[in-house]
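Undergrad: Build me a model from this:
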Amino acid sequence: MERQTVIGIFKEGIDAQAAVQKLESTHHIGRDKVDIANPASASARQVGSTRDKDNDGVSGFFGSLFGQNDDANKHTQAARKGWVVTVHADSRQQAEKAAEVLDSCGAVDVDEHVAQNNPQAGTARPPQGTAQTNTGRTGDSSQSIPIMEERMNVGKREVERGGVRMRSRIVERPVEEHLRLREEHVDVERNKVNRPATDRDFQNFKEGEINITERAEVPVVNKEARVVEEVKINKHTEQRDETVRGTVRKTDVDIDKLDKDKDLRNPGNKPGNPRNI
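TA: Residues are numbered from 1 along each chain as shown. A predicted model of the protein is given here:
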């Protein structure tokens, strides 16, 4: 895997932080691959120290990247006055994307930055307390502060809020019905008589048998399945309005106009010392 290092130097910490956030949110470059440092603050803490700045960690870092040459010195000088964002890219494509993000967030041009902070020798500095007027020369310089503003995007997603589970099972319960049943019983009665035999008696005077059947009613059980109830499950959709509240952050810039010429012309009328009229 081809690893590459991309470095961006920023004048303001807010620009460096914005670049780190954009690298993570837009190109998914995690914080484990991005370093952010403020050598300017470290240099301020070392005021009065006997440590040689040319051999400090900043110069050593850029020396290891560029070697001991003018590029290393330029980057070291620029880094000591600002913030440094270092991206450890896994590929050339990722390094190019990281470089585009750093440039879009306001990374300085090192050569331009060094030229602005190192004026040519021989330029006379005007005495303190006097105003300098340049005739016949015009110079334009510009600085920009990115105004960052968060926006809240509200969307929708479906979640499970509950539901209904329907189960069916077979249960048994005892039932009873009352019936009136009829039974037949044969009663045999023998009576003694003494009378003369008749013709009918002579007709029955032979061998034979008579069967008389007894009958009875018994309960008969028959089961019939009938549908007595239906359970239906339906879904309906309701709509409701909901207000989503949150907080977003925004960069606020205050601009105060400084009139240096007025202070020089009227030394006694300085801010904080109002004139008595």
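Undergrad: So what does residue 36 look like in phi/psi?
TA: phi -130, psi 130 (degrees, to the nearest 10).
Undergrad: I'd assumed residue 174 was in a helix, is it?
TA: No. Using DSSP: H, G, I helix; E, B strand; the rest coil, the secondary structure at residue 174 is coil, not a helix.
Undergrad: Tell me, what's the model's pLDDT at residue 124?
TA: pLDDT, residue 124: 38.
Undergrad: what do you get for residue 117?
TA: Reported pLDDT at residue 117 in the predicted model: 66.
Undergrad: next one: residue 54
TA: The predicted local confidence for residue 54 is 45.
Undergrad: Kindly report the same for residue 182.
TA: 93.
Undergrad: and what of residue 143?
TA: 62.
Undergrad: ok, now residue 174?
TA: 93.
Undergrad: hey, where'd the helices end up in the protein?
TA: Taking DSSP state H to define them, one finds helices in the chain at 13-26, 39-45, 57-66, 70-79, 92-104, 110-117, 199-203, 260-265.
Undergrad: What are the buried residues along the first one?
TA: If I follow you right, that is helix 13-26. 14-20, 22-23 (16 or more other C-beta atoms under 10 Å). Every C-beta, even on glycine, is put in place using the N, C-alpha and C of the backbone.
Undergrad: between those, which is nearest residue 116?
TA: residue 15 (16.7 Å; C-beta to C-beta).
Undergrad: can you pull the contacts of the residue lying closest to that closest one once chain neighbours are set aside?
TA: In space, and not counting its chain neighbours, residue 15 is closest to residue 106: 4.3 Å by C-beta to C-beta, 6 or more residues apart in numbering. Residue 106 sits next to 10-12, 15, 18-19, 144, 146 when contact means C-beta atoms under 8 Å, 6 or more residues apart in numbering.
Undergrad: Then residue 89?
TA: So residue 89 contacts 3-6, 29, 33, 95, 98 (C-beta under 8 Å, 6+ apart).
Undergrad: do residue 13 as well
TA: Counting by C-beta under 8 Å, 6+ apart, residue 13 has contacts 38, 83.
Undergrad: With residue 95 instead?
TA: 4-6, 87, 89.
Undergrad: Repeat that for residue 87.
TA: By C-beta under 8 Å, 6+ apart, the neighbours of residue 87 are 5-8, 23, 29, 33-34, 95, 98, 102.
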